[in-house]
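Participant: Provided below are the primary sequence and the corresponding predicted coordinates.
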Amino acid sequence: MPEEKIAMVGTPCQAIAATKINKYSDKTGGSPITVKIGLFCTENFSYAYLKEFLAENDIDMNEVKEFRIDKGQFKAKLIYGDEFSTPIIKTRPFTRKNCNICTDFTANNSDISVGSVGSEDGWSTVIVRNETGKKIIDDCIENGYLKSKPLEEKGLKLLTRLSNKKIKDNSKIVEERESVGRQVLSQRVIDDEEFEKEADLCQFNNLEADVISVGGCVLCGACEYVCPEDIVEINDRKPQKYGKCREDCHACYYACPRTYLSDTVVPLDMDEKPLGNYIDIMSVTAESIEGQDGGAVTSILVYLLENKLVDEVFLVGQDEDQAWKPKSFVTGRIQDVVAASGTKYSTVPVGFKALKNRKLNK
């Protein structure tokens, strides 16, 4: 039976985790992820604190049709037509603090990066990073899943400026944290041999000390996914261990995107390339799909499923009982993919939990 293939949609930190899990599969057990679609990301928000913030402004989460960040404003479009808008600086109280040590705006570790920045309304900016991504995008355009045009120079300049801003602003925060003794390991790119030597000394207690306890955890769920004993658990809050680690197991430390990064995962000059390594940049739209920012991600996933290039995809939808509460899931159904379209800014992105649950239920 052929090996299963899964496409993922995720934030920059999730893309790093997926890369590490498969690169060090002898330690982590690997994953079936074969295609990585990364999302442009400045920061993510705490669901509870965002809900509280909106309530203070007389807005119920159930009334929100769409969230978006546009031209320095955080916006919530309401179902009855009104729009709530506030300067992005006012989102700081509900921004997840671990996002402030990330310098990757455009998901450099993905095959294809997608976001709205740089393109006009109804279009998405796509960064094609490698040959895997190039073939997918070329085929999507050739077969009518996407319509493309060159990214305008002013759009490229804006994208580069915002990427550089995230690098500059968050590098300063990293320096401030480290000045009071809180190491930020993910910003210390070391060679691969040194990384493996370090990770081979570490288990969950080290992950807790180096990442979780100092506010570096992004709740991606990678540690939970790779744990061979199934004793690590995340439920919207920081990872907890319920049992004893297997002797000489280092899976969680290898997989975590906030431990050291080897130079084979992230280049040593990562912060000197604001858009990372790439083959091409363009604007795209999907005329056959009504989705946020042109429906590009949804259309790419539909293409992958319809052409059987992947068996399933994992992405983030909404909880059935709580408005805008993110919930990750794995599906091979196109109707599920279409229903999940749109960015979830009110997110606690436990992306790998869906893969973990899927693995346990098999």
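Facilitator: Yes, it's here. Everything numeric in this text was worked out from a predicted model, so none of it was measured.
Participant: what about residue 214, which helix or strand?
Facilitator: Assigned by DSSP states H and E, residue 214 belongs to no helix or strand.
Participant: what's the burial count for it?
Facilitator: For residue 214, the count of nearby residues is 18 (other C-beta atoms under 10 Å). (C-beta placed from N, C-alpha, C; glycine too.)
Participant: show me the contacts for it.
Facilitator: Counting by C-beta atoms under 8 Å, 6 or more residues apart in numbering, residue 214 makes contact with 177, 182-183.
Participant: pLDDT-wise, what's the bottom of the residues you listed?
Facilitator: Within the contacts of residue 214, pLDDT reaches its minimum at residue 182, with 79.
Participant: Go ahead and confirm that one touches residue 213.
Facilitator: No. Residue 182 sits out of contact with residue 213 when judged by C-beta atoms under 8 Å, with a separation of 9.4 Å.
Participant: export stretch 91-111 as PDB, just CAs?
Facilitator: Taking C-alpha atoms only, stretch 91-111 is exported to PDB below (Å, rounded to 0.1, in the frame of the first residue of the first chain):
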ATOM      1  CA  THR A  91      -4.300  44.500  19.700                       C
ATOM      2  CA  ARG A  92      -1.200  44.100  21.900                       C
ATOM      3  CA  PRO A  93      -3.200  43.100  25.000                       C
ATOM      4  CA  PHE A  94      -4.600  40.000  23.300                       C
ATOM      5  CA  THR A  95      -1.500  39.200  21.100                       C
ATOM      6  CA  ARG A  96       0.100  35.900  22.200                       C
ATOM      7  CA  LYS A  97       3.500  36.900  23.700                       C
ATOM      8  CA  ASN A  98       5.400  34.000  22.200                       C
ATOM      9  CA  CYS A  99       4.800  35.500  18.700                       C
ATOM     10  CA  ASN A 100       7.000  38.400  19.700                       C
ATOM     11  CA  ILE A 101      10.200  36.400  19.300                       C
ATOM     12  CA  CYS A 102       9.500  35.200  15.800                       C
ATOM     13  CA  THR A 103      11.200  37.000  12.900                       C
ATOM     14  CA  ASP A 104       9.600  34.900  10.100                       C
ATOM     15  CA  PHE A 105       6.700  36.900   8.400                       C
ATOM     16  CA  THR A 106       6.300  34.800   5.200                       C
ATOM     17  CA  ALA A 107       6.700  31.200   6.400                       C
ATOM     18  CA  ASN A 108      10.100  30.600   4.900                       C
ATOM     19  CA  ASN A 109      10.000  26.800   5.600                       C
ATOM     20  CA  SER A 110       7.000  26.100   3.400                       C
ATOM     21  CA  ASP A 111       6.700  25.000  -0.200                       C
END
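Participant: where does it sit relative to the chain's centre, distance-wise?
Facilitator: For stretch 91-111, the gap between its own C-alpha mean and the chain's C-alpha mean amounts to 9 Å (C-alpha atoms, centre = their mean, to the nearest Å).
Participant: That stretch: which residues count as buried?
Facilitator: Neighbour-count burial for stretch 91-111 flags 91, 94-96, 98-111 (criterion: 16 or more other C-beta atoms under 10 Å).
Participant: now stretch 36-51
Facilitator: Neighbour counts over stretch 36-51 (16+ other C-beta under 10 Å) mark 36-47, 50-51 as buried.
Participant: same question for it, mean pLDDT?
Facilitator: The average pLDDT within stretch 36-51 is 89.
Participant: How far away from the center of its chain is stretch 143-162?
Facilitator: Distance, centroid of stretch 143-162 to centroid of chain: 20 Å (C-alpha atoms, centre = their mean).
Participant: Residue 303 and residue 268: what is the separation?
Facilitator: When C-beta to C-beta, to the nearest Å is applied, the distance between residue 303 and residue 268 equals 35 Å.
Participant: quick one: which of these two has more around it?
Facilitator: When residue 303 and residue 268 are compared for neighbours, residue 303 comes out ahead with 20 against 11, by other C-beta under 10 Å.
Participant: Can you classify the more buried one by secondary structure?
Facilitator: Using DSSP: H, G, I helix; E, B strand; the rest coil, the structure places residue 303 in helix.
Participant: Show the contacting residues for it.
Facilitator: Counting by C-beta under 8 Å, 6+ apart, residue 303 touches 136, 139-140, 143, 145, 309.
Participant: Let's see if you can find the most crowded of the residues you listed.
Facilitator: Within those, most neighbours by other C-beta under 10 Å means residue 145, with 26 neighbours.
Participant: Quick one: list the elements packing against the regular element (helix or strand) spanning residue 357.
Facilitator: Using DSSP H and E, residue 357 maps to helix 352-361. Other elements packing on helix 352-361 under the criterion 3 or more C-beta pairs under 8 Å, 6 or more residues apart in numbering; DSSP states H and E are helix 222-226, strand 326-331.
Participant: Just send the ones you listed back as CSV, with mean neighbour count, distance to residue 75 and mean pLDDT too.
Facilitator: Formatted as CSV, the helices and strands packed on helix 352-361 follow (neighbours: other C-beta atoms under 10 Å; distance: least, C-beta to C-beta, whole Å; pLDDT from 0 to 100):
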stretch, mean neighbour count, distance to residue 75, mean pLDDT
helix 222-226, 29, 31, 96
strand 326-331, 20, 18, 86
